[in-house]
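Q: Give me the fold of what follows.
(one chain, ligands or ions: 1)
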Amino acid sequence: MANRKYIVGNWKMNGLRAQLSDIADIAAIAANHEGADVGICPPATLISAAVQANPGFAIGAQDCHFAENGAHTGCLSAAMLREAGATYSIVGHSERRADQQESDAEVKAKAEAAHAAGMDAIICVGETEEERDAGQAIEIVTVQLARSFPADASADWLTIAYEPVWAIGTGRVPETSDVAEMHAAIRDKLEELMGQGSDSVRILYGGSMNGGNASELLAVPNVDGGLVGGASLTAAKFGPIIEAAAAA
Ligand SMILES: O=C[C@H](O)COP(=O)(O)O
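A: Now for the predicted structure:
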């Protein structure tokens, strides 16, 4: 089933208040391209201001804690982020899986916490270069997905992002045939995990997507959008990706 394309910009640890004007510029481009769904996940410090300045534009969080509250210094609960105005949260990004040793079980609990707080969730999965070279990419990613998969999952609130770790921020992009093979494997796994409705869950590709390669990547079967890092930081770079998604 063809899904409407969904493009999310993940700003990672980039952005001070001075960059709120970039979000406004991106929101304006998105408003002119109604054929695609577009959002930005700025640092948590900018969520509230970004939401207030851009009503109707989808601002998300980059992570949330799995607990409702408690002694977790420096962390933010899903309810806090929802109250700040985030309508969805990325969970399980590979940078967090690596830096914070986040387990699949934690990622699952985070997705469930996001949903319980009234947010949608984008669960990230992806293999390392060593795992791909060893021919294990599909096994690694589908097992990661199954173990990170939340209870009561529904396309109404769940999105999956496939991000090969070796393609993130490197300028390297997999062959489209490899992207197609992986997205088909994720689609099959979703059907196994969810049954009916699984074909409506959008599967994003992430890893060095830019204005030059977005059209080709978005044309791959089962690629329902993109999770974009570096090329989402300015309207000049993100605009062409939004245009490609709206035209896809
Ligand atoms: O969350 C976004 C991804 O990690 C992709 O980042 P990138 O577009 O800078 O490669």
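Q: ok, the longest helix belonging to the chain near the ligand or not?
A: Counting by DSSP state H, the longest helix found in the chain is helix 176-194. No. Interface with the ligand: helix 176-194 contributes nothing (C-beta under 6 Å from any ligand atom), its closest point being 13.7 Å away. In short, each C-beta sits where N, CA and C put it, glycine included.
Q: got the CA coordinates for that helix in CSV?
A: C-alpha atoms of helix 176-194 as CSV (Å, rounded to 0.1, in the frame of the first residue of the first chain):
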residue,chain,number,x,y,z
THR,A,176,19.0,1.3,-3.7
SER,A,177,18.7,-2.4,-4.1
ASP,A,178,20.0,-2.9,-0.6
VAL,A,179,17.5,-0.3,0.7
ALA,A,180,14.7,-2.1,-1.1
GLU,A,181,15.7,-5.4,0.3
MET,A,182,15.9,-4.1,3.9
HIS,A,183,12.6,-2.2,3.7
ALA,A,184,10.9,-5.2,2.3
ALA,A,185,12.3,-7.3,5.2
ILE,A,186,11.1,-4.7,7.7
ARG,A,187,7.6,-4.7,6.0
ASP,A,188,7.4,-8.5,6.3
LYS,A,189,8.5,-8.4,9.9
LEU,A,190,5.8,-5.7,10.7
GLU,A,191,3.2,-8.0,9.2
GLU,A,192,4.4,-10.9,11.4
LEU,A,193,4.4,-8.7,14.5
MET,A,194,1.2,-6.8,13.9
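Q: Now the element after that helix, going C-ward?
A: Counting by DSSP states H and E, the next helix or strand C-terminal to helix 176-194 is strand 202-206.
Q: how big is the angle separating that following strand from helix 176-194?
A: Calculated by axes from the mean of the first three to the mean of the last three C-alpha atoms, to 10 degrees, strand 202-206 forms an angle of 140 degrees with helix 176-194.
Q: packing partners for strand 202-206?
A: Applying 3 or more C-beta pairs under 8 Å, 6 or more residues apart in numbering; DSSP states H and E, we find strand 202-206 packed against strand 6-10, strand 158-162, helix 176-194, strand 225-228.
Q: Give the pairing partners of it; include direction for each.
A: The pairing partners recorded for strand 202-206 under DSSP bridges are strand 158-162 (parallel), strand 225-228 (parallel).
Q: Residues touching that strand, excluding its own?
A: 3-4, 6, 8, 10, 122, 124, 126, 155, 159-163, 167-168, 179, 183, 186-187, 190, 217, 220, 222-229 (C-beta atoms under 8 Å, 6 or more residues apart in numbering).
Q: okay, the angle between it and strand 6-10?
A: Going by the same axes, to 10 degrees, strand 202-206 makes 40 degrees with strand 6-10.
Q: Point me to the residue of the protein nearest the ligand.
A: In the chain, the residue that lies nearest the ligand is Gly229 (2.4 Å; C-beta to the nearest ligand atom).
Q: neighbours around that residue, how many?
A: For Gly229, the neighbour count with other C-beta atoms under 10 Å is 21.
Q: about what we covered before: need the helices and strands packed on strand 202-206 in JSON lines with mean neighbour count and mean pLDDT, can you?
A: Shown next, in JSON lines, are these (neighbours: other C-beta atoms under 10 Å; pLDDT from 0 to 100):
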{"stretch": "strand 6-10", "mean neighbour count": "25", "mean pLDDT": "98"}
{"stretch": "strand 158-162", "mean neighbour count": "25", "mean pLDDT": "98"}
{"stretch": "helix 176-194", "mean neighbour count": "17", "mean pLDDT": "97"}
{"stretch": "strand 225-228", "mean neighbour count": "28", "mean pLDDT": "98"}
